[in-house]
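[1] the sequence isn't on hand, but the structure is:
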């Protein structure tokens, strides 16, 4: 039986894609608590994959996207953008903890 090649590119889990969709919807609706809950549920590998695909697709990173929504939706989106930075940083910290 042959083995399938393993991808070295981070993959976005189905759960993470749903959480990102929910977070963006919540931000648009001004529901900060729901946005925070959705963003914190995204695993670190999916964060990396989302960031690597998002930049080329829309020409900006997650933080810029949230800040853009913030300009239209108020401070809830701005707070969520800060959370996205924190969640990504904690994902890096978690990843570093696992490897060391």
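    Received it, and whenever you're ready, just let me know what you need. For clarity, every value in this text was computed on a predicted model and none was experimentally measured.

[2] for residue 25, which three-state class applies?
    Following DSSP: H, G, I helix; E, B strand; the rest coil, we place residue 25 in the helix state.

[3] distance of residue 21 from residue 41?
    12 Å (Cβ to Cβ, to the nearest Å). Backbone N, C-alpha and C define where each C-beta goes, glycine included.

[4] so which of those two has more stuff around it?
    For residue 21 versus residue 41, neighbours defined as other Cβ atoms under 10 Å are more numerous around residue 41 (16 against 11).

[5] low pLDDT regions in the chain?
    1-7, 66, 69-84, 86-100 (pLDDT under 70).

[6] so how far is residue 54 from residue 32?
    21 Å.

[7] what do you get for residue 45?
    According to Cβ to Cβ, residue 45 and residue 54 sit 15 Å apart.

[8] and residue 38, by the same measure?
    16 Å.

[9] these two - which one has more neighbours?
    Under the criterion of other Cβ under 10 Å, the comparison of residue 38 against residue 54 puts residue 38 first, with 23 against 16.

[10] what sits closest to that one if chain neighbours are left out?
    Leaving out its chain neighbours, the residue that sits closest to residue 38 by Cβ to Cβ, 6 or more residues apart in numbering is residue 23, at 3.7 Å.
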